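**Q** okay, sequence plus prediction incoming.
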Amino acid sequence: MPSRYPGAVTQDWEPVILHKSKQKSQDLRDPKAVNAALRNGVAVQTVKKFDAGSNKKGKSTAVPVINTKKLEEETEPAAMDRVKAEVRLMIQKARLEKKMSQVDLAKQINERTQVVQEYENGKAVPNQAVLAKMEKVLGVKLRGKIGK
């Protein structure tokens with residue numbers, strides 16, 4: 001039988017060098033490792049983290065605690081302006097004069113029926129775009145100096 005390896009078979013042994021694995025960052029933070037490094041004269045950087053490892057904000061924080069409810073009340077009005085009674089009545093009268101239902105008006109201004117209902121009940125927050133559409137369809141002025 002022929003051999004698989006033509007020629008002389010030699011072994012080529014090279015030395016294998018094993019290295020220690022790098023130290024993990026948690027091992028480097030170990031107080032024993034830090035003290036050993038300081039004794040050997042290695043530069044050690046220490047960083048004090050602010051409120052590290054806690055979910056509490058103590059009274060020692062530099063930022064004052066802000067009451068969000070109080071902040072919200074200061075920046076936003078308590079209640080939004082609703083549609084005034086004059087405007088509500090004008091919408092209803094104009095719609096009834098044209099013999100339209102709320103559904104018909106809603107379809108013509110491309111809004112939901114609920115929007116027309118809210119305007120006529122005074123629950124809606126006035127939107128200038130919706131009022132402009134209603135003015136165009138009903139032929140009545142709804143925006144401007146009404147109620148002033």
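**A** Alright, I've got the coordinates.
**Q** how close does V125 get to R143?
**A** 14 Å (Cβ to Cβ, to the nearest Å). Yep, even glycine has a C-beta here, placed from its N, CA and C like the rest.
**Q** now R88
**A** Taking Cβ to Cβ, one finds R88 at 14 Å from R143.
**Q** look at the two and report which has more neighbours.
**A** R88 (19 against 12; other Cβ atoms under 10 Å).
**Q** so what's the more buried one closest to, chain neighbours aside?
**A** G122 (5.1 Å; Cβ to Cβ, 6 or more residues apart in numbering).
**Q** so L38 makes contact with V44?
**A** Yes - counting by Cβ atoms under 8 Å, L38 does reach V44; the two are 5.8 Å apart.
**Q** picking that back up, ok, the residue nearest to R88 - contacts?
**A** Applying Cβ atoms under 8 Å, 6 or more residues apart in numbering to G122 gives the contacts 82-85, 88.
**Q** which one of the residues you listed is nearest D12?
**A** Closest to D12 out of those is R82 (92.3 Å), distances taken as Cβ to Cβ.
**Q** for the closest one, grab phi and psi.
**A** phi -110, psi 170 (degrees, to the nearest 10).
**Q** what do you get for the one 4 residues further on?
**A** Dihedral angles phi and psi of E86 (degrees, to the nearest 10) take the values phi -60, psi -40.
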